[in-house]
Every structure is written in C-alpha cells, then in structure tokens.
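Colleague: Fold the following, please.
(one chain, ligands or ions: 1)
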Amino acid sequence: MSGKNISTRPRSSWNRRSDALDMTGQIGRDRTDTERRKRVRKRTPGAVRVCSACAAVSAEKRWVTDPETIARIRNAAGRAIEPTLCPGCARVRAGRVDGWVRLEGQAVRGQEDEIRNLVYNILEDSRRDDPVHRVVSWHTAGTKMEIETTSQWLAETIGKAIQRDLGGELDIRFIPDEEFVRVYWKQRG
Ligand SMILES: [Zn+2]
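Modeller: Below is the predicted model of the structure:
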C-alpha cells in the first residue's frame with residue numbers, strides 16, 4: 001500500500017446523512033467564539049472572511065484562492081478580517097465525501113506520476129474556481145487507485161479527464177438519494 005492520504009480525519013468519521021454541512025465553517029467552534037464572531041459581524045458588516053486552514057478569502061459571496069486577488073482583498077482599507085473555514089476546508093474537516101473515483105489498470109502502476117499530475121492540475125483549476133472542490137483521500141494499491149472528493153463534480157471531472165488522456169472505459173453512477181457519485185475507470189486490455 002502506497003499513496004498519499006490528504007485526509008485530516010479518518011473516513012469512519014464521515015456520516016453523509018447526519019453530517020450537516022456548515023457552510024459558515026463553524027464546525028468545532030465553541031459558543032464564545034461564535035458569539036465573538038457575531039459581535040464582529042455586527043460591528044463590521046463588510047468583513048473579509050479568511051479561511052484559517054487554506055487562506056482562501058471571501059469578500060462577498062465568492063471565495064477566491066489566487067494569491068494576487070487574496071492580497072488585493074486583504075489589503076483593501078477599512079475591512080475587518082473574520083477568520084473562518086472556506087466551504088472546502090469545512091467539508092474536509094467534516095470528512096464529507098460526495099464523490100469517489102476508482103481507477104484500475106496497468107497505467108495506475110506504470111504512469112502513476114502522469115495520473116497524479118493530471119489530478120493535481122484538475123484540482124488546482126477547480127479550487128481556483130470554487131474552493132469547495134477538494135480531494136479528501138487518495139490511495140494507491142498495485143494497479144488500483146481510489147480518490148475521494150468533496151464534490152460530485154470533481155470526481156466526475158477527474159474520471160472524464162483520465163478517459164480523455166488514456167482511453168479506457170468510464171462508468172459514472174450518480175446516487176441521487178445520497179447526492180453521491182461513483183466513478184469507475186478501467187483501462188482496456
Ligand atoms: Zn479553506
């Protein structure tokens with residue numbers, strides 16, 4: 001078993017049905033902290049939210065991750081900084097998994113670096129668009145690779161990109177009741 005585990009919590013902590021997603025990032029915060037945040041919000045309605053885990057920044061509704069925009073927003077005069085968790089870090093911390101990808105074939109062993117680079121690039125592009133898209137865990141064993149993601153879209157996008165580059169068979173199964181997607185890719189031959 002080799003591979004990289006990006007998860008901050010074991011998978012067992014994940015309960016998709018009962019894990020209410022807290023988009024405000026208040027997971028693990030005590031009451032005092034929440035009250036303090038409310039006071040800050042009351043005093044400065046235009047506060048800039050900054051993710052305390054990944055440094056993503058949100059001045060309005062949209063979260064941004066590119067360093068230049070972050071610097072511009074943070075340096076804007078007269079805006080208070082409000083530490084919180086971005087939607088992606090909140091999901092990772094909660095162990096929320098909405099997508100699962102399994103890649104199977106000799107390419108996983110023989111072209112593992114290429115596959116990893118491809119996934120990293122997709123991940124970076126996706127995060128720039130919306131920090132909610134994250135990889136929660138990543139395991140490789142022999143000719144199989146499994147990736148858990150915080151969004152269905154990311155899992156689907158990874159599967160489609162692998163098929164585009166390496167051919168093979170792609171099977172995408174949405175599980176509507178659970179808002180979950182399983183993506184299977186198998187190399188031919
Ligand atoms: Zn974050």
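Colleague: residues touching the spatially most central residue of the chain, list them.
Modeller: The chain has residue 134 as the residue nearest its centroid, 1.6 Å off, counting by Cα atoms, centre = their mean. Residue 134 makes contacts with 88, 89, 91, 92, 123, 127, 149, 150, 151, 154, as judged by Cβ atoms under 8 Å, 6 or more residues apart in numbering. Yep, even glycine has a C-beta here, placed from its N, CA and C like the rest.
Colleague: Mind doing that once more with 10 Å?
Modeller: Residue 134 makes contact with 6, 54, 86-89, 91-92, 96-97, 123, 126-127, 148-151, 154 under the criterion Cβ atoms under 10 Å, 6 or more residues apart in numbering.
Colleague: Also residue 111?
Modeller: 105, 117, 118, 165, 166, 187.
Colleague: repeat that for 8 Å
Modeller: Residue 111 neighbours (Cβ under 8 Å, 6+ apart): residue 166.
Colleague: Tell me the spacing between it and residue 162.
Modeller: Per Cβ to Cβ, to the nearest Å, residue 111 is found 10 Å from residue 162.
Colleague: So, low pLDDT: which residues of the chain?
Modeller: Along the chain, segments meeting pLDDT under 70 span 1-45, 77.
Colleague: one more time with 50
Modeller: Within the chain, the ranges that satisfy pLDDT under 50 run 1-33, 36, 39-43.
Colleague: domains in it, as residue ranges please.
Modeller: Listed domain ranges for the chain are 31-84, 93-186 (source: automatic domain parsing).
Colleague: quick one, which of those is nearest to the ion?
Modeller: With Cβ to the ion as the measure, domain 31-84 is the member of the domains of the chain nearest the ion (3.2 Å).
Colleague: how much distance is there from the closest one to the middle of the chain?
Modeller: In terms of Cα atoms, centre = their mean, to the nearest Å, the centre of domain 31-84 is found 20 Å from the chain centre.
Colleague: Am I right that residue 133 falls within a strand?
Modeller: No. Residue 133 sits outside any strand when classified using DSSP: H, G, I helix; E, B strand; the rest coil, being coil.
Colleague: Can you point out the buried residues in the helix or strand where residue 118 lies?
Modeller: In this assignment (DSSP states H and E), residue 118 forms part of helix 112-129. Under the neighbour-count criterion of 16 or more other Cβ atoms under 10 Å, helix 112-129 has 112, 115, 118, 119, 122, 123, 126, 127 buried.
Colleague: So is it next to the ion?
Modeller: No. Residues of helix 112-129 contacting the ion under Cβ under 5 Å from the ion: none, with a closest distance of 9.1 Å.
Colleague: Please list the outside residues in contact with that helix.
Modeller: Residues lying outside helix 112-129 but in contact with it, judged by Cβ under 8 Å, 6+ apart, are 64-66, 88, 103, 107-108, 133-135, 138, 140, 145, 147, 151, 153-154, 157-158, 161-162, 165-166.
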